[in-house]
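Student: Fold the following and give me the result.
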Amino acid sequence: MADCSNKQTNLKNCTCSYGSCSRKGRCCECVMYHKKNGEIPGCFFSSKDEQTYDRSIENFISTHKK
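Tutor: Numbers count the residues shown, from 1 in each chain. As a prediction, this is how the structure comes out:
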């Protein structure tokens, strides 16, 4: 995909802690990637829960029941 014109702005709010992620700051690519894999992007999780790298829908639901 072409470089995202909003990448620098997006990076200021990107909570993904996966250092080698090629989609970091490219929200559209990130959402499509996780949707394809039946997952939720890391930015929907708290910082603590995001760092588990468990992007499953089940984990998202259980972390939001707290």
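Student: What pLDDT is listed against Ala2?
Tutor: Here, the pLDDT recorded for Ala2 equals 63.
Student: now Lys66
Tutor: So Lys66 comes in at 60 (pLDDT).
Student: Next: Arg26.
Tutor: pLDDT, read off for Arg26, is 94.
Student: thought Cys14 was touching Cys43?
Tutor: Yes: in this structure, Cys14 is within contact of Cys43 by Cβ atoms under 8 Å, at 6.5 Å. No exception for glycine: its C-beta is placed from N, CA and C like everyone else's.
Student: between the two, which one's more packed in?
Tutor: Cys14 (19 against 15; other Cβ atoms under 10 Å).
Student: if I pick the more buried one, what's in contact with it?
Tutor: Cys14 makes contact with 24-25, 27, 43 under the criterion Cβ atoms under 8 Å, 6 or more residues apart in numbering.
Student: Quick check: neighbours shared by Cys14 and Cys43?
Tutor: With Cβ under 8 Å, 6+ apart, Cys14 and Cys43 have common neighbours Cys27.
Student: Go through this protein and flag its longest helix.
Tutor: Ordering each helix of the chain by length in residues (DSSP state H) puts helix 27-36 first.
Student: Could you check that one and say which residues are buried?
Tutor: Buried positions in helix 27-36, judged by neighbour count with 16 or more other Cβ atoms under 10 Å: 27, 30, 33-34.
Student: Residue ranges in the protein under the pLDDT threshold?
Tutor: Along the chain, segments meeting pLDDT under 70 span 1-2, 66.
Student: That one: helices as residue ranges?
Tutor: Per DSSP H, the chain has helices spanning 7-13, 27-36, 47-50, 57-63. These are given in chain order.
Student: Switch the ones you listed over to JSON lines; also include distance to Gly19.
Tutor: Shown next, in JSON lines, are the helices of the chain (distance: least, Cβ to Cβ, whole Å):
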{"stretch": "helix 7-13", "distance to Gly19": "13"}
{"stretch": "helix 27-36", "distance to Gly19": "15"}
{"stretch": "helix 47-50", "distance to Gly19": "13"}
{"stretch": "helix 57-63", "distance to Gly19": "21"}
